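In: Here's a sequence, model it:
(chains A and B)
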Amino acid sequence: MRHLLSASDLTYSEALKILDTAAQMARVSEGPVKKLPTLRGRTIVNLFFEDSTRTRISFEAAAKRLSADVINFSAKGSSVSKGESLKDTAQTLQAMGADAIIIRHDSSGAPQRLADSGWTSSVVINAGDGTHEHPTQALLDAFTIRKHLKVGVGDLSGLTIAIVGDILHSRVARSNVTLLSLLGAQVILVAPPTLLPLGVESWPAQISFELDSVLPYVDAVMMLRVQQERMNDFFFPTAREYSHYFGLNADRLALLKPSAIIMHPGPMNRGLEITAACADSARSVIVEQVANGVSVRMAVLYLLVAGAPDENGESLA
Amino acid sequence: MSIALSAVDISRALTRISHEILERNSGSESIVLMGIPTRGAFLSQRLSIMIESIEKSPVSVGTLDITLHRDDLRLHPIRALVPTLVPKGGIEGKNVILVDDVLFSGRTIRAALDALGEMGRPKSVQLAVLVDRGHRQLPIRADYVGKNLPTSRGEIVKVRLGEIDGADEVLLEPEGNQ
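Out: All right, here's what the predicted structure looks like:
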């Protein structure tokens, strides 16, 4: 693997290697000097065509902790708003000598296009493309689950994880279903039928329409954001009704196993898919997910950018 | 292929190094042994056991992974990381003794010095190696040497330790014979 475009590109051993490397990177983040010389002299471009706070900052922090030079590029206020194509943008970055391009795009498949097109020789890392995939989010979720429920080693076998909410528009859910099941976890998708994508029955996950019956069995519950910007159709009657049937609140918190953890990829709509009491409860690992995101992205950057590809052109084998 | 050090030779060398470390640092109180994985970590464990049995008091021992500080990262496929374990008291103000199996170019030790600098400011840093095979590329020397082994640049020095290789020995292999 030379690029990280999708969670389905990862093999079992590659996924574990990333998580194990991330565990070592986490120690650096805890130490007195949070900086390593590993990527000194490398240039990493954050190419963001869509708004993002935590993913962009997280990648930036990860790259800087490894001493890389970071160039932030957002579509707003750049030549893209004048109509520049992805190809021309990519070629510009290539000419500037980018070693890696971290791309977020509102079109599914844009990172794949960038990696396959030959426009650039950089390593391409997908930071979220349309409603397709967000592989580093899935990796940080797996890392967080493993840290809490598997003492930080091995895979996720024996665990049951519920992913609740807007599966239809969620790239986080797609990447997580692939990665968590690859690592041996059982995934249950909980959503109203209108928010499940076509063909979901072929995914390696169970499906439920009733949150209350699922909660007592899960080890982790991952609440997804209701993506109001993508809600161009009537998926549920009212926000209040959605909240009533699929939101996490104090009553539902009581149904969970004592060891179960609450996750959310952020940004949260407090009061819609999750109440403030749940988001801020002791079971919530939402803030920790952000911290783990930096460690996981350091691991991905280290594994894909630091070394020379082997004889097969693979960086992560 | 010839045997440069036998199991008995290794054990004698480590015993001598233990005494030298104690002599130079006036006891074991201020020292921290930091082994460089893989085999340096096992050697530091052995040294700590020997020093403890001589001094009858515990000695701090840890491991130091230097992978992220290597200067040849971009020349090779990526290496897996191994844990860095800093002993409880840390290294601040201590006499840190780096332990590795073979001293060759000196680049590993340079990386180790950088890695140590990120954890704190030791009072001094000393270096103990089982084999010094020469051919330094940097101005680095060892304070404690198990054996000086004259080699040609292309020869391969292979350290095998019971903990992972099943037996203790140091082998000298001729050029191009992996």
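
In: Can you tell me the centre-most residue of the chain?
Out: You didn't say which chain, so I picked chain A. Nearest residue to the geometric centre of chain A (C-alpha atoms, centre = their mean): residue A:137, 1.4 Å.

In: wait, chain B
Out: Short answer for chain B (C-alpha atoms, centre = their mean): residue B:100, at 1.5 Å.

In: and that residue, backbone torsions?
Out: The phi/psi pair for residue B:100 (degrees, to the nearest 10) reads phi -140, psi 170.

In: Sketch out the low-pLDDT regions of the stretch 101-250 of chain A for me.
Out: Along the stretch 101-250 of chain A, the model assigns pLDDT under 70 to residues A:231-232.

In: Pop out the phi and psi values for the residue in chain B that chain A sits nearest to.
Out: Closest to chain A within chain B is residue B:78: 3.6 Å, counting by C-beta to the nearest C-beta. (C-beta placed from N, C-alpha, C; glycine too.) For residue B:78, the backbone dihedrals (degrees, to the nearest 10) come out as phi -70, psi 150.

In: ok, now how distant is it from residue B:149?
Out: 30 Å (C-beta to C-beta, to the nearest Å).

In: neighbour-wise, which of the two wins?
Out: Neighbours per residue (other C-beta atoms under 10 Å in any protein chain shown) separate residue B:78 from residue B:149, with residue B:78 holding more: 23 against 19.

In: If you tally nearby residues, what's the number for residue 11?
Out: In the absence of a named chain, this looks at chain A. 12.

In: Chain B was what I was after
Out: Around residue B:11 there are 14 residues (other C-beta under 10 Å).

In: Same check on residue B:23?
Out: Neighbour tally, residue B:23, other C-beta under 10 Å: 9.

In: What strand or helix carries it?
Out: Residue B:23 belongs to helix B:7-24 when assigned by DSSP states H and E.

In: what sits up against that helix?
Out: Residues outside helix B:7-24 that contact it (C-beta atoms under 8 Å, 6 or more residues apart in numbering or on different chains): B:5, B:28, B:31, B:43, B:46-47, B:50-51, B:54-55, B:97, B:126, B:128, B:130, B:143-144, B:146-147, B:162, B:167-170.

In: Show me how to select, in ChimeraX, the buried members of these.
Out: Applying 16 or more other C-beta atoms under 10 Å in any protein chain shown to these leaves a buried subset, and the ChimeraX line that selects it is:
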select /B:5,28,31,43,46,47,50,51,54,97,126,128,130,143,144,146,147,168,169,170
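
In: Can you flag which of the contacts of helix B:7-24 belong to helices?
Out: Mapping those onto helices (DSSP state H) picks out B:43, B:46-47, B:50-51, B:54-55, B:162.

In: Redo those residues as TSV? Include pLDDT.
Out: Formatted as TSV, the ones in helices among the contacts of helix B:7-24 follow (pLDDT from 0 to 100):
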residue	pLDDT
B:43	97
B:46	97
B:47	97
B:50	96
B:51	96
B:54	95
B:55	94
B:162	95
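
In: which ones among these come in contact with chain A?
Out: Among those, no residue lies close to chain A (C-beta under 8 Å from any C-beta of the partner chain).

In: Could you find which two of those are furthest from each other?
Out: Within these, B:55 and B:162 form the most distant pair, 23.9 Å apart (C-beta to C-beta).

In: From the chain's centre, how far out is the host helix or strand of residue A:88? Work that out for me.
Out: Using DSSP H and E, residue A:88 sits within helix A:86-95. Distance of helix A:86-95 from the chain centroid (C-alpha atoms, centre = their mean, to the nearest Å) equals 25 Å.

In: buried ones in it?
Out: A:86, A:89-90, A:92-94.

In: ditto for stretch B:16-31
Out: The neighbour-count check on stretch B:16-31 (16+ other C-beta under 10 Å) flags B:17-18, B:21-22, B:25, B:28, B:31 as buried.

In: ok now do the residue found closest to residue A:40 once you drop the neighbours it is linked to in the chain, which residues does it touch?
Out: Excluding its sequence neighbours, the residue lying closest to residue A:40 (C-beta to C-beta, 6 or more residues apart in numbering or on different chains) is residue A:67, at 4.3 Å. Residue A:67 sits next to A:35-40 when contact means C-beta under 8 Å, 6+ apart.

In: Now the buried members of those residues.
Out: For those, a neighbour count by 16+ other C-beta under 10 Å gives the buried set as A:36-39.

In: Make JSON lines out of the buried residues of helix A:86-95 and add pLDDT.
Out: Output for those, formatted as JSON lines (pLDDT from 0 to 100):
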{"residue": "A:86", "pLDDT": "89"}
{"residue": "A:89", "pLDDT": "89"}
{"residue": "A:90", "pLDDT": "90"}
{"residue": "A:92", "pLDDT": "89"}
{"residue": "A:93", "pLDDT": "89"}
{"residue": "A:94", "pLDDT": "89"}
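
In: Contact partners for residue A:167?
Out: With C-beta under 8 Å, 6+ apart, residue A:167 has these contacts: A:173, A:189, A:191, A:195-197, A:200, A:224.

In: Of these - the most surrounded one?
Out: In terms of neighbour count, residue A:173 stands highest of these at 31 neighbours, by other C-beta under 10 Å.

In: where along chain A do the helices fall?
Out: Secondary structure of chain A by DSSP H: the helices cover A:12-30, A:54-65, A:86-95, A:110-116, A:135-149, A:171-182, A:211-214, A:239-246, A:250-253, A:276-279, A:286-301.

In: I'd like the ones in helices among the contacts of helix B:7-24 as a markdown table, with distance to residue B:105 appended.
Out: A markdown table is the format used below for those (distance: C-beta to C-beta, whole Å):
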| residue | distance to residue B:105 |
| --- | --- |
| B:43 | 19 |
| B:46 | 25 |
| B:47 | 23 |
| B:50 | 28 |
| B:51 | 28 |
| B:54 | 33 |
| B:55 | 34 |
| B:162 | 27 |
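
In: What residue in the stretch 151-300 of chain A comes nearest to chain B?
Out: The nearest approach of the stretch 151-300 of chain A to chain B comes at residue A:299, 8.5 Å away (C-beta to the nearest C-beta).

In: quick revisit: output the contacting helices and strands for the helix holding residue A:88.
Out: Judged by 3 or more C-beta pairs under 8 Å, 6 or more residues apart in numbering or on different chains; DSSP states H and E, the packing partners of helix A:86-95 are strand A:43-48, strand A:100-105, helix A:110-116.

In: Tell me which of the ones you listed sits most buried.
Out: The highest mean neighbour count among the helices and strands packed on helix A:86-95, using mean count of other C-beta atoms under 10 Å in any protein chain shown, belongs to strand A:100-105: a mean of 26.

In: re the thing from before, could I get the contacts of residue A:167 as a markdown table with distance to residue A:304?
Out: Shown next, in a markdown table, are the contacts of residue A:167 (distance: C-beta to C-beta, whole Å):
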| residue | distance to residue A:304 |
| --- | --- |
| A:173 | 24 |
| A:189 | 30 |
| A:191 | 33 |
| A:195 | 33 |
| A:196 | 33 |
| A:197 | 29 |
| A:200 | 30 |
| A:224 | 27 |
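
In: So residue B:62, which state does it fall into?
Out: strand (DSSP: H, G, I helix; E, B strand; the rest coil).

In: returning to what we had before: what is the nearest of the buried residues of helix A:86-95 to residue A:271?
Out: residue A:86 (37.2 Å).

In: How about the residues of chain B by chain A?
Out: Counting by C-beta under 8 Å from any C-beta, the positions of chain B adjacent to chain A are B:65, B:68-69, B:73-84, B:114, B:117-120.

In: Sweet, I'm off.
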